[in-house]
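Q: Turn this into a structure:
(2 chains)
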Protein chains: 2
Amino acid sequence: MAFEKVKRSDNYSEWYNNLVKNADLAEHADVKGCMVIKPYGYAIWEKMQAQLDKMFKQTGHVNAYFPLLIPKSFFEKEEKNAEGFAKECAVVTHYRLKVDENHKIIVDPEAKLEEELIIRPTSEAIIWNTYKGWIQSYRDLPLLINQWANVMRWEMRTRLFLRTSEFLWQEGHTAHSTAEEALVETKQMLDVYAEFAENFLAVPVMKGVKTENERFAGAVETYCIEGLMQDGKALQMGTSHFLGQNFAKAFDVKFQTKEGKLEYVWATSWGVSTRLMGALVMAHSDDEGLVLPPKLAPIQVVIVPIYRSDEEFEKVSAAAAAIKKQLEALDISVKFDNRDTHKPGYKFAEWELKGVPLRIGIGPRDLENGTVELARRDTKEKSVVAIEGIDAHVKNLLNEIQEAIYNRALEFRNTSIHQVNTWDEFLDAINNKGGFVSAHWDGTGETEEKIKELTKATIRCIPLNNPEENGNCVLSGKPSSQRVLFAKAY
Amino acid sequence: MAFEKVKRSDNYSEWYNNLVKNADLAEHADVKGCMVIKPYGYAIWEKMQAQLDKMFKQTGHVNAYFPLLIPKSFFEKEEKNAEGFAKECAVVTHYRLKVDENHKIIVDPEAKLEEELIIRPTSEAIIWNTYKGWIQSYRDLPLLINQWANVMRWEMRTRLFLRTSEFLWQEGHTAHSTAEEALVETKQMLDVYAEFAENFLAVPVMKGVKTENERFAGAVETYCIEGLMQDGKALQMGTSHFLGQNFAKAFDVKFQTKEGKLEYVWATSWGVSTRLMGALVMAHSDDEGLVLPPKLAPIQVVIVPIYRSDEEFEKVSAAAAAIKKQLEALDISVKFDNRDTHKPGYKFAEWELKGVPLRIGIGPRDLENGTVELARRDTKEKSVVAIEGIDAHVKNLLNEIQEAIYNRALEFRNTSIHQVNTWDEFLDAINNKGGFVSAHWDGTGETEEKIKELTKATIRCIPLNNPEENGNCVLSGKPSSQRVLFAKAY
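A: Numbering: from 1, shown residues only, chains lettered A, B, ... in the order given. Got it, this is the predicted structure:
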């Protein structure tokens, strides 16, 4: 493949950018801060969506759609939420263009909105404004609603998938009659995200709670899953928020209890985004290109014919078609790359770049032997296997690859957690080793901020079910009852 | 059900608005011109999406995602497109809010964009700007790409689903090396839309070409499907545009031909939107509520238990669960309405309102006889059938209902096409009969405009494969070689 090759070990960031571009996942749009998700990248995102959507529905949620634009007055009702997002908001001020005397298109100054509209950075405000009309009694609860949508958070420094002004996501917004029920929902959705990350993305994650500094603006508690990328940086991969009664109070959403009292409704919200595409690339890929876990690969198996003559091509094609049919009967997605414009070597490199988990090569000699050559993308192992029974063999192998990719990431993650007890150890771990640093912290926002200033490391989370352990804060030396996870992060 | 009942025959428009609201399909948002698509409505839209997406993929298309915001300078490159949409454009002028000294959120005057951004009313501009980077040679063609997205066209007078400022749609954008290939694509997608409308929405459609006045801004030719609603008004349900080289020229997208020449690329675009939800409601529903064709009904069968005692409830529930399981094994979606808060009569009315195609009632006496009561939503016919073999019976009946709904709409449409030859006949048909009026027209935009002014009727389309017939324009009396279809339209 003719593309700029930068090694992962030489410049991780450039390697990532090139890979996203060369594997046809996405590119920067000519609109500042925005991206174009290309068909191959979008096909992966569609597989993620389908699986997540299924899991949301299995846990009782339904989808709906709320407006893109939020009147400024709604937006400012929940103060912390508004202040948290104010600096990133794209603002619509006019509703019409016109053609001026020079045939140029200009904004029509007479079409100024009385009230500015914000492009949703997140939809709590518009949704809770709507829920007010939907909730009167405990019988109307819970509301378990999800939305697939685009959102906009203005960014000055962007990186494809990880940080763009517009991105695609899902946002769940639920309403409950008790705090307990809302908390159960918050944690349930965190578990759904963790299951998805581990069993589909093949990325092991830490489940935990954010500190107050890192909490979602407007939340009482933010739960998160944190993954580790191959450069040792952490990536927040999903969040689930317990919103308490903050939005119910801001939008005056009360319900009549069974006992006839009026109470404010309890809320959660939770989301994952196209950022998961970035996680997928960063967690597994190598210098040859993408490494996709089979469960999310748009093409799970590619068949490349090896031939010299038309006659050979015909024979090989017939065998390939038969194998393709067998595999598809097992719900395996197969591409037969019968392009006559490229040689096998070129095709091998292209499908490696695109991360297809398994390649089948078939040539005339293979046919004579009743075999084909299988090549695994993850380990690059090759094996010769019989055509007879190849469907079951491939099915098993794809499961094995899915597991192997996860296990490799798990091994990496587990060996990248460094327990430290002193500030020197902390600095050494953060600056030289990377990964998660497990350290005592005095629980104050000031110390957290200071550590961030000094090292760029942030507290990724306080792990769930964290063991109690007495110790001293690595920076302040003050007493601490538990370790928290620090890391440099995307 | 306790909701305002307005009869379809008394006030069609109010009947429609109430129905959309009461059946929980959608409601007006507190954001001017925008709607909230409620879970039940969104579930129908999801079924539409899934089927359309499947049909797009079967015809070789892939999905991608392009930015929401379009720089004004891109937008104005294709002049006709820009002028056509300028009056409906929401404009982003600022990218930040701030909190002022009084703790109020205001637009930060220092965060004014150098160039205004338009929220996409349609994406030709941003997509062709992107295609420029993707197309160099004939080998890069065709590009067959679709996008599922929200778009914004500012509306002063809105109606749920039919006309809102923001709506959801899909827009296909394809690029080809020859005009012929692009035309084949344009017509193929029109056929896909017609097949979807007739076989899934159960709405018969007229396929045709738009006149120049009604053409998409920037298209060489606009093909359309036109359905007829129960009040005799037409509804444009989908369009497929042959864009010629207009956008390729505006964005300078050329490709090298096999012969080594540089030529502009040929384009199509095609779309359907949540407007189809409006078509679905308007084409089939009645005074009791929605009538959903089984293929698009989120719940195809509802089982309502009839009982007096807990013991009876348990017996009936066991039978219902067994039937549910049998039906689900045939991919039929079933809801068992076991709420103890409402009586059967209330439930019957509720599921009629929501358009569930088939209701199964089971009581203790039914169980003794080994039967259940089936009630069809479309004809309201009831029948007693044996539980033995109910799965196949229901499966067939759902197919029968799908066909019956289509046939009723087809019968209505076919008897609502009025051939007229004089202006008096034209006026009588348009004003008193409704439906499509098939009339001779002199082919000029002036006459078309004048007829619109005089009667509000527009030319819905020049039907495909229209027979040649000599005649005289109903208004001007000038010679004409074919009839065209007029109607009042949404």
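Q: Break chain A into its domains for me.
A: Following automatic domain parsing, chain A resolves into domains at A:24-69+A:127-284, A:294-397, A:417-487.
Q: Identify, out of the ones you listed, the most deeply packed stretch.
A: domain A:24-69+A:127-284 (a mean of 21; mean count of other CB atoms under 10 Å in any protein chain shown). All C-beta spots, glycine's among them, are computed from the backbone N, C-alpha and C.
Q: any residue of it up close to chain B?
A: Yes - counting by CB under 8 Å from any CB of the partner chain, chain B is contacted by domain A:24-69+A:127-284 at A:27, A:29-31, A:34-39, A:42-43, A:45-46, A:62-69, A:129-130, A:133, A:139, A:145, A:149-150, A:152, A:154, A:166, A:168.
Q: What about the residues you listed, which are in helices?
A: Among the residues of domain A:24-69+A:127-284 next to chain B, DSSP state H puts A:39, A:42-43, A:45-46, A:129-130, A:133 in helices.
Q: May I see those residues arranged in JSON lines, with pLDDT as well?
A: As requested, those are exported to JSON lines (pLDDT from 0 to 100):
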{"residue": "A:P39", "pLDDT": "98"}
{"residue": "A:Y42", "pLDDT": "98"}
{"residue": "A:A43", "pLDDT": "98"}
{"residue": "A:W45", "pLDDT": "98"}
{"residue": "A:E46", "pLDDT": "98"}
{"residue": "A:N129", "pLDDT": "97"}
{"residue": "A:T130", "pLDDT": "98"}
{"residue": "A:G133", "pLDDT": "97"}
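Q: And those residues, which is closest to B:A111?
A: For those, the minimum distance to B:A111 (CB to CB) is 25.1 Å, reached by A:N129.
Q: Looks like the closest one contacts B:D30 (just checking).
A: Yes - contact criterion CB atoms under 8 Å: A:N129 and B:D30 qualify, at 5.8 Å.
Q: which neighbours do the two share?
A: By the contact definition CB atoms under 8 Å, 6 or more residues apart in numbering or on different chains, A:N129 and B:D30 are jointly contacted by A:F74.
Q: Of all the residues in the stretch 201-350 of chain A, which one is nearest chain B?
A: Residue of the stretch 201-350 of chain A nearest chain B, by CB to the nearest CB: A:T341 (7.4 Å).
Q: Next one: the residue nearest to that residue when sequence neighbours are not counted from B:T130, what distance?
A: Spatial nearest neighbour of A:T341, chain neighbours left out: B:R139 (7.4 Å); criterion: CB to CB, 6 or more residues apart in numbering or on different chains. Computed as CB to CB, to the nearest Å, the B:R139 to B:T130 distance reads 18 Å.
Q: same deal with A:T458?
A: For A:T458, the distance to B:T130 - CB to CB - is 35 Å.
Q: Need the pLDDT of A:A2.
A: Here, the pLDDT recorded for A:A2 equals 47.
Q: Next, count neighbours for the nearest residue to A:K112 once chain neighbours are set aside.
A: In this structure, A:K112 finds its nearest non-sequential neighbour in A:H94, 5.6 Å apart by CB to CB, 6+ apart. By other CB atoms under 10 Å in any protein chain shown, the residues close to A:H94 number 21.
Q: for A:V474, helix, strand, or coil?
A: coil (DSSP: H, G, I helix; E, B strand; the rest coil).
Q: Enumerate every residue touching it.
A: Here A:V474 is in contact with A:420-423, A:425-426, A:439-441, A:451 (criterion: CB under 8 Å, 6+ apart).
Q: From A:F486, how far out is it?
A: Taken as CB to CB, the span from A:V474 to A:F486 is 9 Å.
Q: so A:H342, which of the three states?
A: Assignment for A:H342 (three-state DSSP): coil.
Q: so where is chain A shaky, pLDDT-wise?
A: Scanning chain A with the threshold set as pLDDT under 70 gives A:1-4.
Q: cutoff 90 now
A: Judged by pLDDT under 90, chain A has its weakly predicted residues at A:1-5, A:79, A:99-104, A:156, A:341.
Q: which helix is the longest one in chain A?
A: Using DSSP H to define each element, chain A has its longest helix at helix A:390-414.
Q: helices and strands around it, which ones?
A: strand A:221-228, helix A:275-284, helix A:310-329, strand A:358-362, strand A:371-376 (3 or more CB pairs under 8 Å, 6 or more residues apart in numbering or on different chains; DSSP states H and E).
Q: Next, format the ones you listed as a markdown table and append distance to A:R408.
A: Output for those, formatted as a markdown table (distance: least, CB to CB, whole Å):
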| stretch | distance to A:R408 |
| --- | --- |
| strand A:221-228 | 12 |
| helix A:275-284 | 8 |
| helix A:310-329 | 25 |
| strand A:358-362 | 17 |
| strand A:371-376 | 12 |
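Q: Get me the contact residues on the stretch 301-450 of chain A for chain B.
A: Taking CB under 8 Å from any CB as the contact definition, the stretch 301-450 of chain A meets chain B at A:T341.
Q: one step back: shared neighbours, A:V474 and A:F486?
A: Shared contacts of A:V474 and A:F486, counting by CB under 8 Å, 6+ apart, come down to A:426, A:439, A:441, A:451.
Q: give the contact list for the third one.
A: Taking CB under 8 Å, 6+ apart as the definition of contact, the neighbours of A:W441 are A:447-448, A:451, A:459, A:473-475, A:480, A:483-484, A:486.
Q: can you rerun that using 6 Å?
A: By CB atoms under 6 Å, 6 or more residues apart in numbering or on different chains, the residues touching A:W441 are A:473, A:480, A:484.
Q: ditto for the last one
A: Contacts for A:I451 (CB under 6 Å, 6+ apart) come out as A:L475.
Q: now the residue nearest to A:K254 when sequence neighbours are not counted, which residues is it bridged with?
A: Excluding the flanking residues, the one nearest A:K254 by CB to CB, 6+ apart is A:L262, at 4.8 Å. With DSSP bridges applied, A:L262 shows beta-bridge pairing to A:Q256.
Q: Give me the most central residue, chain A.
A: The residue lying closest to the centre of chain A (CA atoms, centre = their mean) is A:L276, at 1.7 Å.
Q: hang on, isn't A:E312 packed against A:P364?
A: Yes - assessed by CB atoms under 6 Å, A:E312 is found in contact with A:P364 at 4.9 Å.
Q: A:W351: which element?
A: Assigned by DSSP states H and E, A:W351 belongs to helix A:344-353.
Q: could you check the angle strand A:358-362 makes with that helix?
A: Relative orientation of helix A:344-353 and strand A:358-362, computed by axes from the mean of the first three to the mean of the last three CA atoms, to 10 degrees: 170 degrees.
Q: now helix A:344-353: how far from the chain's centre is it?
A: 27 Å (CA atoms, centre = their mean, to the nearest Å).
Q: for that helix, packing partners?
A: On a contact count with 3 or more CB pairs under 6 Å, 6 or more residues apart in numbering or on different chains; DSSP states H and E, helix A:344-353 meets strand A:301-305.
Q: Can you name every helix or strand that the strand it packs on contacts?
A: Packing partners of strand A:301-305 (3+ CB pairs under 6 Å, 6+ apart): helix A:310-329, strand A:334-336, helix A:344-353, strand A:358-362.
Q: that older thread, put together JSON lines for the domains of chain A, with distance to B:R359 on each row.
A: Shown next, in JSON lines, are those (distance: least, CB to CB, whole Å):
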{"stretch": "domain A:24-69+A:127-284", "distance to B:R359": "21"}
{"stretch": "domain A:294-397", "distance to B:R359": "35"}
{"stretch": "domain A:417-487", "distance to B:R359": "46"}
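Q: of all these, which lies closest to B:E180?
A: Across the domains of chain A, closest to B:E180 is domain A:294-397 (CB to CB), at 23.0 Å.
Q: Can you check the distance spanned by that closest one, start to finish?
A: Taking CA to CA, to the nearest Å, the first and last residues of domain A:294-397 lie 10 Å apart.
Q: now stretch A:66-81
A: Start-to-end, stretch A:66-81 (CA to CA) is 18 Å.
Q: Return the set of buried residues in it.
A: Neighbour-count burial for stretch A:66-81, counted by 16 or more other CB atoms under 10 Å in any protein chain shown, picks out A:66-72, A:74-78, A:81.
Q: List just the nearest of those residues to A:Y223.
A: For the buried residues of stretch A:66-81, the nearest to A:Y223 is A:N81 (17.4 Å; CB to CB).
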